[in-house]
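Asks: 3D model of this:
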Amino acid sequence: QVQLVESGGGLVQPGGSLTLSCAASGFTFNTYVMSWHRQAPGKERELVATISSGGSSANYANSVKDRFTISRDNYKNTVYLQMNSLKPYDTAVYYCNVYRRGYDYWGQGTQVTVSS
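Replies: Predicted coordinates for the structure are as follows:
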């Protein structure tokens, strides 16, 4: 079965950096677009970034453009989110996602808190 396991979250000061990882299993990873989403308290889940199956193309939400970088390692079945210049409004639970055969699969999420 499809499994997505996020890691790498934590507490970081404004301006700091974190790298999130999402280990995937149960499907042919290198044939699917992968994405990161986030959900802040009291807000709807929002798309942060997507990456093509081969890793050559990525798209970002305007709020994270030029600060976040999505990447993937198709040998390790892992997708990453490098987050730089973090701001308090980046505080959220971050989720890895794959849309496969008409169904959205999500990981359990990893908490990112940006605070001094």
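Asks: please count neighbours and contacts with C-alpha atoms only from this point.
Replies: Fine.
Asks: and the residue nearest the centre of this structure?
Replies: In the chain, the C-alpha closest to the average C-alpha coordinate belongs to residue 36, at a distance of 3.0 Å (Cα atoms, centre = their mean).
Asks: against residue 76, how distant is that residue?
Replies: Here the distance between residue 36 and residue 76 works out to 17 Å (Cα to Cα, to the nearest Å).
Asks: about what we covered before: beta-bridge partners for the residue nearest to the centre of the chain, please?
Replies: residue 49, residue 96 (DSSP bridges).
Asks: quick one: it and residue 93 touch, right?
Replies: No. Judged on Cα atoms under 8 Å, residue 36 makes no contact with residue 93 at a distance of 10.5 Å.
Asks: how about residue 80: what's its closest non-neighbour residue?
Replies: If you skip the residues right next to it in sequence, residue 80 has residue 21 as its closest partner in space, 4.5 Å away by Cα to Cα, 6 or more residues apart in numbering.
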